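Asker: Have a look; sequence and predicted model below, questions after that.
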Amino acid sequence: MAEEKRRSMIKIKPKKYSVGDIINVDFIIIHPMDTGMQKDKKTGNIIPAKYIDNITFFLDGKPFTSMKVWETVSTNPYFSVNLKVPGEGKITVEYTDNTGEKGSQSKKLQPKG
Amino acid sequence: MKRRSFLKGLCAVSAVTATMTPSLLSAEEKKKIQSPNAMDYKTAVDTITGGKGATESPKVSLTVPEIAENGAVVPVKVDVDHPMEENNYVKAIHVLAKENSNSRTADVMLTPLNGKGFFATRVKLAKTQEVVALVELSDGSFISAAKSVKVTIGGCG
């Protein structure tokens, strides 16, 4: 598999939070999410399906949310879940797509107070 | 008067061609191309719940736009009013679109660490239809909520 450089990010809302708060963790990624049903307008060939099928959210290596995703999710998707802040740590999100492409993104969890 | 009637005629012709051609094209394309993981709504619910089915519940609140101008990007938000304790929590949230050729969009497996049964994303809708949030609780029961979304331009190719 050709390793493409794909942009992704993790966003935490709100910006300031303390231990015990419930925060939003958003995972945003630039991905085509092709359904395999569209045609290339220039060549007339069907664009092969390429979509993210698995996403796992880890906190310090321990999974807290896992998702199975299909091609019916929009292009450049975002996935938002909640997390109760247990203390300092590191959030890591790993994804795979149906063509075998893999990637991950991480962000530090820094509660104040 | 002649000019007026001529213009009227022209308008009618252009309106007919505009409405006819896209529908013909899309019908042809739909016959040829099939979704790689096509699964209708009933089969999807049966596989998720194991044939048990789900009961509608006010505990699940589903937020979708009433009218989506672009079916390719429809925001969906699911909130579950249920405790997230060690032995009593929201186990999974499934988002389904009834009329899409593959009605499944996302299965989210949650744990008590999440603190709240919440999930948000954006989905593609092929046409005007109902979006369903199917929620599995840790005791094995299923609750759901459904809302219809009016789609002006379909988003599944």
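Answerer: Looks like it arrived, so ask away. These figures come from a predicted structure and were not determined experimentally.

Asker: Now for the residue positioned nearest the centre of chain B: which residues touch it?
Answerer: Residue closest to the mean C-alpha point of chain B, counted by C-alpha atoms, centre = their mean, is B:Ala97 at 2.9 Å. Applying C-beta atoms under 8 Å, 6 or more residues apart in numbering or on different chains, one finds that B:Ala97 lies in contact with A:72, B:103, B:105, B:123, B:125-126, B:129-132. The way it works is simple: take the backbone N, C-alpha and C, and place the C-beta from them, glycine included.

Asker: ranking these by neighbours, who comes first?
Answerer: Neighbours here mean other C-beta atoms under 10 Å in any protein chain shown. Within these, the largest count is held by B:Leu125, at 30 neighbours.

Asker: buried stuff in stretch B:48-60?
Answerer: Along stretch B:48-60, these residues count as buried under the neighbour rule (16 or more other C-beta atoms under 10 Å in any protein chain shown): B:48-49, B:54, B:57, B:60.

Asker: now the helices for chain B?
Answerer: In chain B, the helices defined using DSSP state H lie at B:2-32, B:41-49.

Asker: Chain A: which of the buried residues of stretch B:48-60 is nearest?
Answerer: Nearest to chain A, judged by C-beta to the nearest C-beta, of those is B:Ile48 at 10.8 Å.

Asker: Surely the closest one is in contact with B:Ala106?
Answerer: No - contact between B:Ile48 and B:Ala106 fails when scored by C-beta atoms under 8 Å: they sit 11.9 Å apart.

Asker: Give me the below-cutoff pLDDT ranges for chain A.
Answerer: Residue ranges of chain A with pLDDT under 70: A:1-4, A:113.

Asker: follow-up on the earlier one: rank the helices of chain B by mean pLDDT and give me the bottom one.
Answerer: Note on those: lowest mean pLDDT is at helix B:2-32, with a mean of 52.

Asker: buried stuff in stretch B:36-44?
Answerer: Buried-residue list, stretch B:36-44, by 16+ other C-beta under 10 Å: B:36-37, B:39, B:41, B:44.

Asker: so which of the residues you listed are also by chain A?
Answerer: B:36-37 (C-beta under 8 Å from any C-beta of the partner chain).
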